[in-house]
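**Q** sequence plus the predicted model coming up.
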Amino acid sequence: MSSKEKPTLGGTRIKTRKRNIAAPLDPAAFADAVVQIYLDNAGDLELVCKNLESSDLNFSRYGDTFFEVVFTGGRTQPGTTKPDEGERHPYSIIDCEPKREAILPSVIYIQKILRRRPFLIKNLENVMQRFLQSLELFEENERKKLAIFTALAFSQKLSGLPPETVFQPLLKDNLVAKGLVLSFITDFFKEYLVENSLEDLIAILKRGKMEDNLLDFFPSAKRSAEGFSEHFTKEGLTPLVEYNEKKIFEVKLKEMKSAVTTQISEETDISEVIETVKQHVKDAKLPDIEVVRMLWDVIMDAVQWSGKNQQQNANTALRQVQSWAKLLNTFCTSGKLELELIYKVQMQCYE
């Protein structure tokens, strides 16, 4: 035996390790199979669901394709909403009437699919994001159907569909500028509030990180508190308008309180503080009674209270009121406001 030859064991077969050879993707065949199930059952979603369940289709590999078939009736071309080659069915969400009773069965059908195959939720997110980012490629009534579907999906609590999946893709500058986002979100709000409260809607907006950014849905020319109120009042969404006005009021009141607190802590001249308050009241149109309440709270918050000596606290409070009496007098301009101030003083004493 040559010194370079390696020893071998006689009578044995050396096995080579097999490579995992992945089958090539064939979304067209998958889509055609799903479409055929729709056609064979004439769009009866209960029967379609049962047939899909008993099929051997590879949903884990073609999840996006499946939801393209559900929404549009067939495959779409990559990166667009345009139909791709292959079979199509007329029972999709885009093909039905833009009414809740026509779209709700599809929401319930998808819910059943997701309960059996929860991994498909990510594919639903992918397809919805793609469609929402391409709203300009849909017809007006098709966009309305998508909005109604989205509202019903949240109303039915569709298997954990996250709100940010819906709201964040909408914030594309070109979609907002064309008014497509405002139209979509208006249809969404109107449909969702049919069976849900405003508090439920606000909770969804919070989860989607949009509660404080509703004006981002508006084109720049209409992006104002007045534009918000005008638009949603016209659309019959008065509770949403009232909620937004209250929120704006709270923000502006907080801003004024912060500014006055800083000036009082720095012992700014009273005349400057008065001008600051007047400017905030003018800009924000704040009610006089809220201004009086805020001023009293700020003046008292600036006091260093003693933990036990009540007499010392009383003397300190009196000196503080005397120091800032001119500020209080400037804005207590009626008997009603004076009564409110007396009430605040009484509450302070009892606390």
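**A** That came through, no problem.

**Q** so how many other residues sit close to Val273?
**A** If you count neighbours by other C-beta atoms under 10 Å, Val273 ends up with 23. The C-beta positions use only the backbone N, C-alpha and C, and glycine is treated the same way.

**Q** which of the three states applies to it?
**A** Counting by DSSP: H, G, I helix; E, B strand; the rest coil, the backbone at Val273 sits in helix.

**Q** hang on, isn't it packed against Ser265?
**A** No: at 11.1 Å, Val273 does not count as touching Ser265 under the criterion of C-beta atoms under 8 Å.

**Q** any buried residues in the longest helix out of those in the chain, and which?
**A** The longest helix of the chain (DSSP state H) is helix 238-265. Residues of helix 238-265 classed as buried by neighbour count (16 or more other C-beta atoms under 10 Å): 240-241, 243-244, 252-253, 256-257, 259-261, 263-264.

**Q** nearest to Val34, of these?
**A** Leu240 (38.8 Å; C-beta to C-beta).

**Q** gap between that closest one and Glu199?
**A** Leu240 sits 12 Å away from Glu199, going by C-beta to C-beta, to the nearest Å.

**Q** show me where the stretch 51-200 of the chain dips below the pLDDT cut-off.
**A** 79-84, 160 (pLDDT under 70).

**Q** one more time with 80, if that's ok
**A** Scanning the stretch 51-200 of the chain for pLDDT under 80 picks out 77-86, 159-161.

**Q** which stretches of the chain form strands?
**A** In the chain, no strands are defined using DSSP state E.

**Q** now Ala177, nearest residue through space, not along the chain?
**A** Nearest residue to Ala177 in three dimensions, chain neighbours excluded: Pro219, at 5.5 Å (C-beta to C-beta, 6 or more residues apart in numbering).

**Q** count of neighbours near the one you found?
**A** If you count neighbours by other C-beta under 10 Å, Pro219 ends up with 16.

**Q** how close does it sit to Glu226?
**A** For Pro219 relative to Glu226 (C-beta to C-beta), the value is 14 Å.

**Q** same thing with Asn126?
**A** For Asn126, the distance to Glu226 - C-beta to C-beta - is 38 Å.

**Q** hmm, Ala259 is touching His280, no?
**A** Yes: in this structure, Ala259 is within contact of His280 by C-beta under 8 Å, at 6.9 Å.

**Q** contact partners for Cys96?
**A** Ala102, Ile103, Ser106, Lys145 (C-beta atoms under 8 Å, 6 or more residues apart in numbering).

**Q** tell me the contacts of the second one?
**A** If you count contacts by C-beta under 8 Å, 6+ apart, Ile103 has them with Ile93, Cys96, Lys145, Ile148, Phe149, Leu152.

**Q** any of those buried? List them.
**A** Ile93, Cys96, Lys145, Ile148, Phe149, Leu152.

**Q** which residues does the last one contact?
**A** Residues counted as contacts of Leu152 (C-beta under 8 Å, 6+ apart) are Arg100, Ile103, Leu104, Val107, Glu191.

**Q** repeat that for the third one.
**A** The contact partners of Lys145, taken as C-beta under 8 Å, 6+ apart, are Ile93, Ile94, Cys96, Pro98, Ile103.

**Q** out of those, flag the one nearest to Leu327.
**A** Pro98 (57.5 Å).

**Q** wait, doesn't Val291 sit right on Val281?
**A** Yes: shown here, Val291 and Val281 form a contact pair, counting by C-beta under 8 Å, at 6.0 Å.

**Q** those two: who's more crowded?
**A** Neighbour totals were compared for Val291 and Val281, and Val291 leads with 23 against 17 (other C-beta under 10 Å).

**Q** could you find the closest non-adjacent residue to that one?
**A** Phe331 (5.4 Å).

**Q** Asp288 is in contact with that neighbour, correct?
**A** Yes: using C-beta under 8 Å, Phe331 is in contact with Asp288, at 6.6 Å.

**Q** between those two, which is the more surrounded one?
**A** Taking neighbours as other C-beta under 10 Å, Phe331 and Asp288 compare with Phe331 leading, 18 against 15.

**Q** ok, the more buried one - contacts?
**A** Counted by C-beta under 8 Å, 6+ apart, Phe331 has contacts Val277, Asp288, Val291, Val292, Leu295, Leu337.

**Q** one more pass at 10 Å, please.
**A** Ile274, Val277, Lys278, Val281, Asp288, Ile289, Val291, Val292, Met294, Leu295, Leu337, Leu341 (C-beta atoms under 10 Å, 6 or more residues apart in numbering).

**Q** wait, doesn't the first one sit right on Leu327?
**A** Yes: between Ile274 and Leu327 there is a contact at 6.1 Å, judged by C-beta atoms under 10 Å.

**Q** any common contacting residues for those two?
**A** By C-beta under 10 Å, 6+ apart, Ile274 and Leu327 have these common neighbours: Val260.

**Q** more crowded one of these two?
**A** It is Leu327, of Ile274 and Leu327, that has more neighbours when counted by other C-beta under 10 Å, with 22 against 16.

**Q** that one and Leu341 touch, don't they?
**A** No: with contact defined as C-beta under 10 Å, Leu327 does not reach Leu341; the gap is 11.6 Å.

**Q** who touches both of the two?
**A** Leu295, Trp296.

**Q** mind listing which of the contacts of Phe331 are in helices?
**A** Here DSSP H is the test, and these give Ile274, Val277, Lys278, Val281, Asp288, Ile289, Val291, Val292, Met294, Leu295, Leu337, Leu341 as lying in helices.
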